[in-house]
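>>> kindly return the folded structure for what I paste below:
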Amino acid sequence: MQRKAYVSGVAALLAAVLTGCTGSSDDGGPSDNSNPGSAGTATQAAQPGKYATLPEPCGAVGDRTLGELLPGIDELTDPALREKAYAGEATLTYDTDRKVGCRWKVESAEATDHLLVDFERVVSYDNAVSDDAQAEQLFATRREAAQLPEPTVTESGPPATGPSAGPSSSPSASSSSSAPASSSGSPSSGTSAPSASPSDLQPRLLEDLGDEAFLDDELNSSGSTAKQRTVTVAFRTSNVIVTIEYAEQPMTVGVVPDSKELQDRARKLAAELADSLGG
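Numbering: from 1, shown residues only. Prediction:
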């Protein structure tokens with residue numbers, strides 16, 4: 001009888017220990033399938049960007065706009081050459097879902113004009129960072145690389161049309177220029193309206209163009225050849241970054257491309273592309 005009592009007591013003690021270790025959801029103790037890292041405590045993944053595809057770059061710029069940006073294109077008498085010039089040339093890319101571009105180059109008796117349009121769709125591979133936030137960080141890096149002067153916010157809508165004013169100096173990102181010439185290579189002329197002031201033409205942030213935008217203007221003054229001016233307009237809308245590079249080099253040494261004319265044309269194209277993206 002004493003041995004049976006001892007065994008029963010041991011069994012009761014083991015049962016009490018096991019119950020305390022396993023616990024239950026009812027008494028507040030951990031359950032067998034409890035997991036501190038379960039999905040219930042995980043944060044929700046960041047939202048994807050607005051754009052899942054990119055436009056066909058060589059078809060993104062209309063013929064009329066190309067005629068304004070590349071004045072020599074309509075001077076081409078050979079229909080095949082003119083058609084090729086309008087068609088442009090796609091830039092090399094390994095993933096057309098992420099990055100596409102197109103470039104145009106047209107020579108005339110007065111100047112050579114270059115145009116590059118680039119679209120980049122930014123995708124974040126970090127669940128804690130949205131596509132938009134990743135694109136914003138990338139755009140900030142490019143804006144800093146442009147080394148813009150102290151920010152001056154201006155409107156970026158299409159400029160008013162009209163003849164250019166008399167000669168004035170035009171600033172650039174790397175050097176100052178002499179009296180500007182028109183984009184066709186001939187000196188600017190006309191007295192109907194004053195030219196934009198240097199502060200209006202300096203590299204700067206732009207307003208009302210996508211979510212954020214900037215303009216850069218650089219005059220290449222190296223060497224003894226004709227000076228080439230390159231105007232860059234970049235803007236971001238959601239997770240897509242669009243970059244326009246518009247350059248002109250006159251055939252005549254000493255002639256300087258007009259900063260205002262090139263900037264106006266590049267900004268007008270940027271506004272058209274932003275509208276086509278819905279941004």
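>>> state the number of residues packed around the nearest residue to residue 232 once chain neighbours are set aside.
Sequence neighbours aside, residue 216 is the residue nearest to residue 232 in space, at 4.3 Å (criterion: Cβ to Cβ, 6 or more residues apart in numbering). Placement of C-beta: from N, CA and C, glycine included. Neighbour count for residue 216, taken as other Cβ atoms under 10 Å: 23.
>>> now swap in the one 10 residues further on and tell me
Residue neighbour count, defined by other Cβ under 10 Å, stands at 19 for residue 226.
>>> mind listing the helices for the stretch 101-250 of the chain?
131-145, 198-201 (DSSP state H, counting those that start in this stretch).
>>> save those helices as a markdown table, and put in mean neighbour count, distance to residue 239 and mean pLDDT too.
Output for the helices of the stretch 101-250 of the chain, formatted as a markdown table (neighbours: other Cβ atoms under 10 Å; distance: least, Cβ to Cβ, whole Å; pLDDT from 0 to 100):
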| stretch | mean neighbour count | distance to residue 239 | mean pLDDT |
| --- | --- | --- | --- |
| helix 131-145 | 16 | 4 | 94 |
| helix 198-201 | 16 | 31 | 74 |
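>>> for the stretch 101-250 of the chain, what spans make up the strands?
111-121, 154-155, 204-207, 212-220, 228-237, 240-250 (DSSP state E, counting those that start in this stretch).
>>> for those strands, which one sits closest to residue 95?
In terms of Cβ to Cβ, the element of the strands of the stretch 101-250 of the chain nearest to residue 95 is strand 111-121, at 9.3 Å.
>>> average model confidence for that closest one?
Strand 111-121 carries an average pLDDT of 96.
>>> of all the helices of the stretch 101-250 of the chain, which one comes closest to residue 65?
Evaluated over the helices of the stretch 101-250 of the chain, closeness to residue 65 peaks at helix 198-201, with 21.4 Å, by Cβ to Cβ.
>>> still on that earlier bit, tabulate the helices of the stretch 101-250 of the chain (TSV), appending distance to residue 112.
Below are the helices of the stretch 101-250 of the chain laid out as TSV (distance: least, Cβ to Cβ, whole Å):
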stretch	distance to residue 112
helix 131-145	26
helix 198-201	22
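>>> residue 100: neighbouring residues, count only.
Counted with other Cβ under 10 Å, the neighbours of residue 100 add up to 22.
>>> an error on my part: the question was meant for residue 126.
10.
>>> what does the pLDDT read for it?
88.
>>> repeat that for residue 172.
38.
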